[in-house]
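Novice: got a predicted structure here, sequence first:
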Amino acid sequence: MKTIDELLAGGVTGKRVFVRADLNVPLDGATITDDGRIRAVLPTVKALADAGARVVVASHLGRPKGAPDPAFSLAPAAARLGELLGTDVAFATDTVGESARTTVDGLADGQVAVIENLRFNAGETSKDDAERGAFAEQLAALADLYVGDGFGAVHRKHASVYDLPARLPHAAGHLIGTEVGVLKKLTEDVKRPYVVVLGGAKVSDKLAVIDELLGKADRLLIGGGMAYTFLKAKGYEVGISLLQEDQIPVVTEYMERAEKSGVELVLPVDILASSEFPDLKTKAPAEFVTVDADKIPSDKEGLDIGPRTRELYASKVADAETVFWNGPLGVFEHPDYAGGTRAIAQALVDSEAFTVVGGGDSAAAVRTLGFDENAFGHISTGGGASLEYLEGKTLPGLAALED
Ligand SMILES: Nc1ncnc2c1ncn2[C@@H]1O[C@H](COP(=O)(O)OP(=O)(O)OP(=O)(O)O)[C@@H](O)[C@H]1O
Ligand SMILES: O=C(O)[C@H](O)COP(=O)(O)O
């Protein structure tokens, strides 16, 4: 894989360089609640701009449906990038249209532009190779060189991640270099006990990862939205909790396999459950009950792990040598449901293990709950991406950067 340093050594002055970043940051309206993913791409953007490149930064944000949707505009991220760089950053209000073309044409050497959310175009995420390819052609017209640095999205076979680098001379950015360097350690010579903590809301994406992790980790602690499919598979009532009903047989098989192979698969023993999802805007106090994990009322949903589970999980982390954690353990954006996530973060900080936190929201949770980033071994910008890397899968966005 060619590195950005090699690309820079070849000279980039006056060249239009397309940087595929992951600026998929958490937003409250138009306010960025955690800018970690923007800060993570700064070394690459700065290096290119300082070398006189005309830098075109592109990313997805959220999951819009292949058409413009103001709620998912990258404008706030572009503004924040400008603040962090300490320079004006131009913003194109479309991705491959008139605004993008004139914005990129207007760049002087060393200037930076951000184009609008790539997922406003159906071609970005299309499963159809021709449709993705056609969109990649349009993106390729905006640049001379490509730098892949959106580590959080390298597991997606999307036009800007996979098809575009095939059309332009390409290299891996600094962030991808750092992320792969650290995660490699977890796949090669991992120190044991190796504990993996899994939570979050992208349940269908992440359940599949457990298949591989059962052969790699010594302990798997399950929380967040992930937990309820397991609890249901055990025959418990989960009320209106997040549930992946079609995955119950799969999860049952995981539990059987874990038992046979001596992997500890640990599930919550108590839950905070409520009849309504909390208001994340006003953060008005929530009404919830704390119940045993097998006694979730049928009209309530689980929104955090309970106090006994927090203690149990902390004890399972205490003697670990390596911990990988992806996915908040509850709806941490609301203070009443942040306790489980805070407890796990604290357990990682207290342990002597090499700790890796992965995922946009997980990393955001750690920072917004007031933890010092330096108290963790590594905070990865990739959630699904880092999990799939640990699975040993070939990731489209990394494969595409190979020479
Ligand atoms: N019990 C729950 N019910 C519903 N949502 C939950 C629950 N527990 C956690 N969540 C939500 O999960 C979301 C984060 O999940 P997600 O899987 O996206 O994690 P992530 O760290 O961002 O990883 P990635 O980078 O792959 O997106 C948070 O917004 C949180 O509120
Ligand atoms: O948040 C993430 O994990 C990345 O930005 C990828 O987003 P996606 O899961 O919507 O593809």
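Specialist: That came through fine. Numbers count the residues shown, from 1 in each chain. Ligands and ions are numbered 1, 2, ... in the order given.

Novice: need the contact list for Ala75.
Specialist: By Cβ atoms under 8 Å, 6 or more residues apart in numbering, the contact list for Ala75 reads 30, 91, 116. Where you see a C-beta, it was placed from the backbone N, CA and C, and this is true even at glycine.

Novice: just the buried residues of those residues.
Specialist: Buried residues within the contacts of Ala75, counting neighbours by 16 or more other Cβ atoms under 10 Å: 91, 116.

Novice: among the contacts of Ala75, which are in strands?
Specialist: Residues from those lying in strands, with DSSP state E as the criterion: Phe91.

Novice: lowest-confidence entry in the contacts of Ala75?
Specialist: Least confident of those in the model: Ala30, at 91.

Novice: could you measure from that residue over to ligand 1?
Specialist: Distance from Ala30 to ligand 1, counting by Cβ to the nearest ligand atom, to the nearest Å: 18 Å.

Novice: does that residue touch Pro76 like I think?
Specialist: Yes. Between Ala30 and Pro76 there is a contact at 4.9 Å, judged by Cβ atoms under 8 Å.

Novice: burial measure for the closest residue to ligand 2 within the stretch 151-300 of the chain, as a count.
Specialist: Closest to ligand 2 within the stretch 151-300 of the chain is Gly152: 3.9 Å, counting by Cβ to the nearest ligand atom. Gly152: 28 surrounding residues under other Cβ atoms under 10 Å.

Novice: check contacts around it.
Specialist: 22, 24, 37, 360, 381-385.

Novice: which parts of the protein sit against ligand 1?
Specialist: 152, 199-202, 224-225, 242, 302-303, 326-328, 330-333, 359-362, 383-384 (Cβ under 6 Å from any ligand atom).

Novice: any residues of the stretch 101-250 of the chain in contact with ligand 2? List them.
Specialist: 152-153, 156.

Novice: please redo it, this time with the cut-off set to 8 Å
Specialist: 150, 152-153, 155-156, 158, 202, 205 (Cβ under 8 Å from any ligand atom).

Novice: which of those count as buried?
Specialist: Buried, going by 16+ other Cβ under 10 Å: 150, 152-153, 155-156, 158, 202, out of these.

Novice: could I get the pLDDT score of the nearest residue to the residue of the stretch 151-300 of the chain closest to ligand 2 once chain neighbours are set aside?
Specialist: Nearest residue to Gly152 in three dimensions, chain neighbours excluded: Asp22, at 3.6 Å (Cβ to Cβ, 6 or more residues apart in numbering). Here, the pLDDT recorded for Asp22 equals 98.

Novice: ok, so of the contacts of Ala75, who is nearest Lys46?
Specialist: Phe91 (18.4 Å; Cβ to Cβ).

Novice: so is the nearest residue to that closest one once chain neighbours are set aside in a helix, a strand, or just coil?
Specialist: Nearest non-adjacent residue to Phe91, counting by Cβ to Cβ, 6+ apart: Ala78, 4.3 Å away. Under DSSP: H, G, I helix; E, B strand; the rest coil, Ala78 falls in the helix class.

Novice: so Ala78 is in contact with Asn117, correct?
Specialist: No. Ala78 lies out of contact with Asn117 (Cβ under 8 Å); the separation is 10.6 Å.

Novice: looking at these two, which is more packed in?
Specialist: Asn117 (25 against 22).

Novice: hmm, that one is touching Pro76, no?
Specialist: No. Look at Asn117 against Pro76 with Cβ under 8 Å: they stay out of range, at 11.3 Å.

Novice: about what we covered before: filter the contacts of Gly152 down to the buried ones.
Specialist: Among the contacts of Gly152, those scoring as buried are 22, 24, 37, 360, 381-385 (criterion: 16+ other Cβ under 10 Å).

Novice: looking at the contacts of Gly152, which is nearest ligand 1?
Specialist: Checking these against ligand 1 with Cβ to the nearest ligand atom, the nearest one is Gly383 at 2.3 Å.

Novice: so what's the closest one closest to, chain neighbours aside?
Specialist: Nearest non-adjacent residue to Gly383, counting by Cβ to Cβ, 6+ apart: Gly359, 2.7 Å away.

Novice: contact partners for that neighbour?
Specialist: Counted by Cβ under 8 Å, 6+ apart, Gly359 has contacts 200, 326-327, 380, 382-384, 386.

Novice: the residues you listed in strands, which ones?
Specialist: 326, 380.

Novice: looking at the contacts of Gly359, which is nearest Ala134?
Specialist: Among these, and counting by Cβ to Cβ, the member closest to Ala134 is Gly384, at 25.8 Å.

Novice: buried residues in the host helix or strand of Asp5?
Specialist: Per DSSP states H and E, Asp5 falls inside helix 4-9. Within helix 4-9, the residues that count as buried by 16+ other Cβ under 10 Å are 4, 7-8.

Novice: go on, stretch 314-334?
Specialist: Applying 16+ other Cβ under 10 Å to stretch 314-334 flags 314, 316-317, 320, 322-334 as buried.

Novice: cool, stretch 196-214 as well?
Specialist: Going by neighbour count (16+ other Cβ under 10 Å), the buried part of stretch 196-214 is 196-200, 202-203, 206-207, 209-210, 213-214.

Novice: identify, from the buried residues of helix 4-9, the entry nearest to ligand 1.
Specialist: So of those, ranked by how close each gets to ligand 1 (Cβ to the nearest ligand atom), first place is Ile4, at 23.0 Å.

Novice: tell me which residues touch that closest one, please.
Specialist: 44, 47-48, 147, 149, 171-174, 177.

Novice: from Ala143, how far out is the closest residue in space to Glu131 that isn't next to it in sequence?
Specialist: Excluding the flanking residues, the one nearest Glu131 by Cβ to Cβ, 6+ apart is Gly123, at 5.1 Å. Distance of Gly123 to Ala143, given as Cβ to Cβ, to the nearest Å: 16 Å.

Novice: give the contact list for Val238.
Specialist: Per Cβ under 8 Å, 6+ apart, neighbours of Val238: 228, 231-232, 296, 302.

Novice: scratch that, Arg167 is what I was asking about
Specialist: With contacts defined as Cβ under 8 Å, 6+ apart, Arg167 is in contact with 136-137, 140, 146.
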